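[1] quick check, what structure comes out for this input:
(one chain, ligands or ions: 1)
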Amino acid sequence: MAEFVDLDKVPKVKIYTGEEIPGIGMGTFGSDRFSAKEVSDAVAGAIRCGYRMFDCAACYGNEDQIGQVFKEAFEEGVVERKDLYIMTKVWNDMHERVEESCRKSIADLQCEYIDMFFIHWPFPNYHAPGCDVESRNPDSRPFSVEEFIHTYRQCEELVEKGLIRHIGISNLTIPKLEAVLPLMKIMPAACEFELHPCFQQQELFDYIAAHNIQPIGYMPLGSPKRPERDICQEDIADMEMPGMVEIAKAHNCHPALVALKWASQRGQIPIPFSVHEKNYVSNLKCLTEDPLTEEEMAVIATLERNNRLVKGQVFLWEGAKDWHDLWDEDGVIVK
Ligand SMILES: NC(=O)c1ccc[n+]([C@@H]2O[C@H](COP(=O)([O-])OP(=O)(O)OC[C@H]3O[C@@H](n4cnc5c(N)ncnc54)[C@H](OP(=O)(O)O)[C@@H]3O)[C@@H](O)[C@H]2O)c1
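    Okay, here's the model as predicted:
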């Protein structure tokens, strides 16, 4: 497998510390559809074909199986720990116990330390994995700057203790960033948020990049196999957009690869998921060859449809109007 991907050509991006990190990672959310075994088998194959970044999370329920795969790769001499860039996230029910969550992820992933440790969502609103879209937790509450910074401080301590190398944030908005960035002692190295051709979040992307925070785009392909709760009738399939299909034809490839080339050339790190070897190999390889032209990049820029797929209904608090309240669309934090 590895001989098909020229590892020297896989893009890297520089974060604000000056360190270069992989320009593409593999997602590991089994999406309520793929077992931990299927996902960890894919991680094993992905390491061997040249992936070096993995986007894990405590709430994906598969870190111990993925850790076993990392351990085997280290023992077999496929890679050393330092060659991998391992990311994980603290789930909403552990915002008061961040170190415990981090230590558990390190133990499960068998990886000694975490390269990038994210606060998965900016509030402690817990919902059980796989819950229904209508489910609500009576303890849920709106975003609080104080609560978020309390959680963030615990991440800063983890850097100081050497348990994590970089801090990441996720699912934030410009008004929330405006409120919390000035309070941070250690700046976040990356922000993970939803990005695909029909949901480009240009303003947020520009804001984050202007603050020297690396954008990491989740659901880079428009997540065709996302959980039922995240599927709405009006959603648009990115990979079926005529503009995407046409560019894919010109490059003799699947529209998925067009989405990844676009993401990388735009400056975000895509973290596509697949359990199928053919797909995850081509997802990596496509960034080493045959880039999109400026004209094609311009065509994809016109495909923006404001089609948010993760609306986040299950995180809503009592009194919230609807999922739009989570995303501060009027430019102020909704409370
Ligand atoms: N921070 C957050 O809150 C957050 C939220 C959501 C997701 N994430 C992260 O982002 C990652 C990616 O998101 P995602 O998994 O939802 O969606 P995605 O990567 O946009 O889409 C994954 C789906 O696309 C298909 N696919 C992959 N490569 C393909 C190819 N070359 N050709 C055709 N189809 C292809 C796969 O189907 P097959 O299985 O058939 O290959 C797979 O089920 C997650 O795994 C997770 O790590 C983070």
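[2] show me what contacts the residue lying closest to I114 once chain neighbours are set aside?
    What sits nearest to I114 in space, not counting adjacent residues and going by Cβ to Cβ, 6 or more residues apart in numbering, is I164, at 4.5 Å. Placement of C-beta: from N, CA and C, glycine included. I164 makes contact with C102, Y113, I114, D115, M116, F117, C155, L158, according to Cβ atoms under 8 Å, 6 or more residues apart in numbering.
[3] helices - which of those residues land there?
    C102, C155, L158 (DSSP state H).
[4] and stretch 238-246, average pLDDT?
    The pLDDT scores in stretch 238-246 average 98.
[5] what does the stretch 201-335 of the chain put close to the ligand?
    218-226, 254, 256, 271-276, 279, 282-283, 310 (Cβ under 6 Å from any ligand atom).
[6] kindly recompute the last result at 5 Å.
    Within the stretch 201-335 of the chain, the positions near the ligand by Cβ under 5 Å from any ligand atom are 218-221, 223, 225, 254, 256, 271-274, 276, 279.
[7] mind listing which of the residues you listed are in helices?
    A256, N279.
[8] list phi and psi for the residue lying closest to V334 once chain neighbours are set aside.
    Excluding its sequence neighbours, the residue lying closest to V334 (Cβ to Cβ, 6+ apart) is D325, at 4.3 Å. Dihedral angles of D325 (phi, psi; degrees, to the nearest 10) stand at phi -60, psi -20.
[9] go on, A298?
    According to degrees, to the nearest 10, A298 has phi -70, psi -40.
[10] that one: how many residues sit nearby?
    When neighbours are counted by other Cβ atoms under 10 Å, A298 registers 10.
[11] that one and W262, how far apart?
    11 Å (Cβ to Cβ, to the nearest Å).
[12] same deal with Y280?
    Taking Cβ to Cβ, one finds Y280 at 18 Å from W262.
[13] what about the two, which has more around it?
    More crowded of Y280 and W262, by other Cβ under 10 Å: W262, with 28 against 22.
[14] that one is in what secondary structure piece?
    helix 255-266 (DSSP states H and E).
[15] hmm, back to that, quick one: which of the contacts of I164 is nearest the ligand?
    Nearest to the ligand among these: M116, at 11.5 Å, using Cβ to the nearest ligand atom.
[16] which residues touch the closest one?
    Contacts of M116 by Cβ under 8 Å, 6+ apart are I21, Y85, I86, M87, I164, R165, H166, I167, G168, A189, A190.
[17] A strand includes the first one, no?
    Put plainly, it is I21. Yes - I21 forms part of a strand when assessed by DSSP: H, G, I helix; E, B strand; the rest coil.
[18] that one: neighbour count?
    By other Cβ under 10 Å, neighbour count at I21 equals 23.
[19] the last one too?
    Taking other Cβ under 10 Å as the criterion, the count of residues near A190 is 24.
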